[in-house]
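> Model the structure of this input:
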Amino acid sequence: MTTPAITPEKPTPDFQPFVPPQEKPPEFTLRAILLGSFFGLIFGAVTVYVGLRAGLTVAASIPIAVLSISILRVLGRASILENNIVQTTGNAGQSIASGVIFTLPALVFLGFDLEYSRILMLALIGGWLGVLFMIPLRRQLIVQEHGVLPYPEGTACADVLIAGEKGGSLAGRVFLGLGLGSLYTLFQNENLFRAWPGQPTYNPDFGPQHILKGASINAEATSEYLGVGYIIGARVAGILFAGGVLSWLVIMPLIYFFGKEINHPIYPGLVPIAQMGPGDLWSTYIKPMGAGAVAASGLITLIKTVPTIWSALTAGLKSMRPGAASTQAAPLRTENDLSMRVVLVGSLLIVALMFVFLEFKPVPGAFVGWPANLAASLLVVVFGFLFVTVSSRIVGIVGSSASPVSGMTIATLMATAAVFLIEGWTAPAFGALAITIGGVVCIAASNSGDTSQDLKTGYIVGSTPRLQQIALMIGVVVSTVVIGFTLNLMNTGLQEFDLAAQPWDLSASHPGVSIQSDTHHLPNQFRVQSADGKTFTTRQKSEFILLNAIGSTELQDGKYLYSPSTHQIEVHWIQGIGSAAAPAPQARLMATVINGILSRKLPWGLVLIGVSIVIAVELLGIRSLPFAVGAYLPIGTTLPIFAGGLVRGLVDFMARRSGHAEEAESEISPGSLFASGLIAAGGIVGLLGVALKAYEATVGKGDILNFPRTFPFTILDNNYVAVLAFAALAYALYHFARKPLLK
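Now for the predicted structure:
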């Protein structure tokens with residue numbers, strides 16, 4: 001979706017908010033904070049779930065505002081400012097979760113465990129940085145440049161709040177999507193009833209020449225992917241799917257065509273190409289290409305915004321000069337920010353917190369001494385201010401979804417990794433330390449973008465900035481509680497133990513493979529599935545020695561279970577994060593960049609192919625970032641997203657044809673509200689399924705729900721049924737998108 005050029009206009013100092021400064025309706029109330037905190041927990045968890053699976057996140061402010069209007073109306077008359085505090089507090093969960101899932105799961109890919117305390121502390125530090133640094137920037141970016149920076153999501157959310165204040169039915173459409181999506185997910189989800197295949201699949205293989213062998217067409221037909229596709233629109237969804245088509249229907253068949261006669265593995269593969277299925281080809285060869293493509297597109301996007309970056313930095317520094325702020329002894333209610341003293345003291349406290357955390361809870365194996373830890377803590381604040389300023393201005397122009405946060409994070413990681421390389425700190429533990437630094441910066445940049453949108457909403461409706469800033473701080477604290485828990489839940493609930501018998505001499509040298517002594521995350525009892533996935537055997541933790549492979553030429557990166565009694569590796573422990581069910585593409589990219597720089601073993605040939613593809617796409621005048629993400633993600637993710645985009649395109653076409661073009665452009669259209677409900681349903685019910693599987697793994701039981709697998713229910717276990725059910729849900733989305741909201 002091409003962003004139109006925005007012509008700078010003069011600021012609009014005469015702008016009047018919806019609620020005048022002289023009025024003081026209820027705003028920072030206990031029920032608003034409690035309800036906002038509840039939404040922060042829900043949407044924080046849903047964002048982790050959807051983001052790890054799809055690599056995409058969707059703004060939560062509008063759904064939260066709609067739900068708040070409905071709920072507070074039932075509880076008793078609420079003011080527009082009270083509803084704004086609810087969405088401000090709740091939206092923090094989504095923005096913090098976005099920053100976390102883009103970086104911290106990289107610890108799993110680097111061979112480290114996801115410690116809850118580490119995730120909690122880093123999310124708190126990054127979230128607070130994002131809010132603190134937006135305090136002095138609010139007047140410059142939100143007020144003085146009101147006519148220059150539109151902040152599209154913030155403006156749309158203000159429209160929702162104003163519409164709710166004036167009356168109308170918005171929440172009903174969200175709840176309708178939530179209900180239908182929940183019912184669909186209950187029967188579709190692999191972890192729940194699974195009445196029909198959750199991912200219908202077709203692997204082409206035509207004729208004696210095996211035409212298109214190696215390709216695969218499949219779709220993880222979930223409600224959340226359909227909703228995501230509708231919200232991002234037909235063009236962006238189409239670009240995402242185009243990347244998937246290139247990887248899965250062009251490059252993978254080519255790899256098989258040219259490699260099937262070669263009898264030995266081709267780096268970085270560990271088995272001959274002829275023995276690989278589509279999933280193996282994707283994980284071995286497409287992932288490095290996709291990582292190069294995503295990195296290149298992120299950096300290209302960052303380079304394109306250099307003028308914006310420069311103006312953001314200069315404007316931010318000017319706004320912090322003495323006398324830049326208002327000198328009024330008693331500012332108007334709508335101009336009352338937290339003081340600069342809060343910013344300075346808070347920044348010093350964050351430096352101290354980061355230093356204490358790095359010094360007394362270091363990454364195991366990455367002991368660098370207190371001077372380096374102090375330097376890292378200062379580096380976090382410096383990079384944090386730089387990219388908070390940049391992110392806040394960029395999202396004001398192009399919106400939160402198009403902000404190149406990943407490019408900023410890559411820049412931070414590359415700078416950090418370069419310093420580590422010079423110092424000789426190249427062990428995997430130092431990669432985890434670099435992710436720690438980059439993760440905080442990414443969380444701060446992500447949160448500042450959504451904080452800017454929230455403050456823009458508040459400026460339009462007439463909120464008190466100081467109360468919004470306090471609500472944001474509260475939202476950060478509350479949401480971080482659930483984010484780490486959800487990450488670990490998905491890592492455990494989606495994990496698999498696959499039979500992988502392989503002779504192994506434990507006494508020999510195996511570069512890149514080490515014995516992991518910390519095994520508390522490994523269940524005491526687990527079920528190992530056969531190669532065909534049809535039979536299971538129960539094994540005990542005490543039977544095995546845990547091996548960790550990173551950058552090995554003998555084993556794919558991951559964890560393996562070695563049996564001293566048989567002298568072979570018997571089980572491949574596939575953790576939930578990084579699996580096909582939760583690929584976490586941005587975090588995988590961060591791990592690839594760090595590990596490649598520090599180990600100097602990056603498969604540069606494949607990475608540079610991805611870079612070249614991105615350059616070609618840029619030369620065609622197409623936004624390369626969604627194309628690169630689509631090339632990296634499984635086609636099972638991009639295809640249902642594309643289906644949602646097609647529905648959006650059809651709805652927009654019909655709206656324009658009937659003379660209601662404004663419906664096609666609206667951020668609060670009936671279809672967008674229904675799609676938000678589908679996303680929430682897929683996330684909430686999907687998380688319940690993950691929790692159920694985690695419980696089954698803990699107690700050592702099989703399918704607790706035990707959906708009937710006998711006739712006539714076996715009729716449902718068919719790819720055609722899965723496609724028809726998804727098509728029915730897509731039709732429901734189209735129908736309710738075309739049905740007007742009740743006034």
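
> isn't residue 390 right next to residue 445, touching?
Yes: if you go by Cβ atoms under 8 Å, residue 390 and residue 445 touch, sitting 7.5 Å apart. Just so you know, the C-beta spots here come from the backbone N, C-alpha and C atoms, and that holds for glycine as well.

> who has more neighbours, those two?
Taking other Cβ atoms under 10 Å, residue 390 and residue 445 do not tie; residue 445 has more neighbours (35 against 27).

> Please report the distance of that one from residue 337.
Relative to residue 337, residue 445 is positioned 21 Å away (criterion: Cβ to Cβ, to the nearest Å).

> same deal with residue 739?
43 Å.

> and if you look at residue 172?
37 Å.

> Those two: who's more crowded?
In this view residue 172 and residue 337 are compared by other Cβ under 10 Å, and residue 337 has more residues nearby, 21 against 17.

> which residues touch that one?
Going by Cβ atoms under 8 Å, 6 or more residues apart in numbering, residue 337 touches 135, 138, 139, 325, 465, 466, 469.

> give me the element residue 500 is part of.
In this structure, residue 500 sits in strand 496-503 according to DSSP states H and E.

> other SSEs contacting that strand?
strand 525-529, strand 568-574 (3 or more Cβ pairs under 8 Å, 6 or more residues apart in numbering; DSSP states H and E).

> closest to residue 710 out of these?
Distance to residue 710, taken as Cβ to Cβ, is lowest for strand 525-529 among the helices and strands packed on strand 496-503, at 22.2 Å.

> what element comes up after the closest one heading to the C-terminus?
strand 536-540.

> in that next one, what's buried?
By neighbour count on 16 or more other Cβ atoms under 10 Å, the buried set for strand 536-540 is residue 539.

> Check the offset of whichever helix or strand comes after that strand from the chain's centre.
Sequence order places strand 545-549 as the next helix or strand after strand 536-540, per DSSP H and E. Here strand 545-549 is found 28 Å from its chain centre; the criterion is Cα atoms, centre = their mean, to the nearest Å.

> Name the strands paired with strand 545-549 and say parallel or antiparallel.
Here strand 545-549 is paired, per DSSP bridges, with strand 513-515 (antiparallel), strand 558-563 (antiparallel).

> Tell me which residues are up against the last one.
Outside of strand 558-563, the residues within contact range by Cβ under 8 Å, 6+ apart are 111, 497, 500, 504, 506, 516, 539, 543-549, 568-575, 578.

> any idea of the angle it forms with strand 536-540?
80 degrees (axes from the mean of the first three to the mean of the last three Cα atoms, to 10 degrees).

> So for strand 558-563, what gets flagged as buried?
For strand 558-563, by 16+ other Cβ under 10 Å, it's 558, 559, 560, 561, 562, 563.

> Could you measure from the third one over to residue 515?
Computed with Cβ to Cβ, the distance linking residue 560 and residue 515 is 11 Å.

> In contact with the residue nearest to residue 274 when sequence neighbours are not counted, which residues are there?
Leaving aside its chain neighbours, residue 274 sits nearest to residue 260 (4.6 Å; criterion: Cβ to Cβ, 6 or more residues apart in numbering). By Cβ under 8 Å, 6+ apart, the contact set of residue 260 is 210, 213, 273, 274.

> Look up how far residue 719 lies from residue 41.
37 Å.

> So these two - more neighbours on which side?
residue 41 (20 against 15).

> so what's the more buried one closest to, chain neighbours aside?
residue 482 (4.7 Å).

> check contacts around the one you found.
With Cβ under 8 Å, 6+ apart, residue 482 has these contacts: 41, 44, 45, 93.

> Model confidence at residue 570, what's the number?
Looking at residue 570, its pLDDT stands at 93.

> Is the nearest residue to it once chain neighbours are set aside bridged to anything, and to what?
Closest residue to residue 570 apart from its sequence neighbours, by Cβ to Cβ, 6+ apart: residue 563 at 4.8 Å. Assessed by DSSP bridges, residue 563 has beta-bridge partners residue 568.

> I appreciate the help and will end here.
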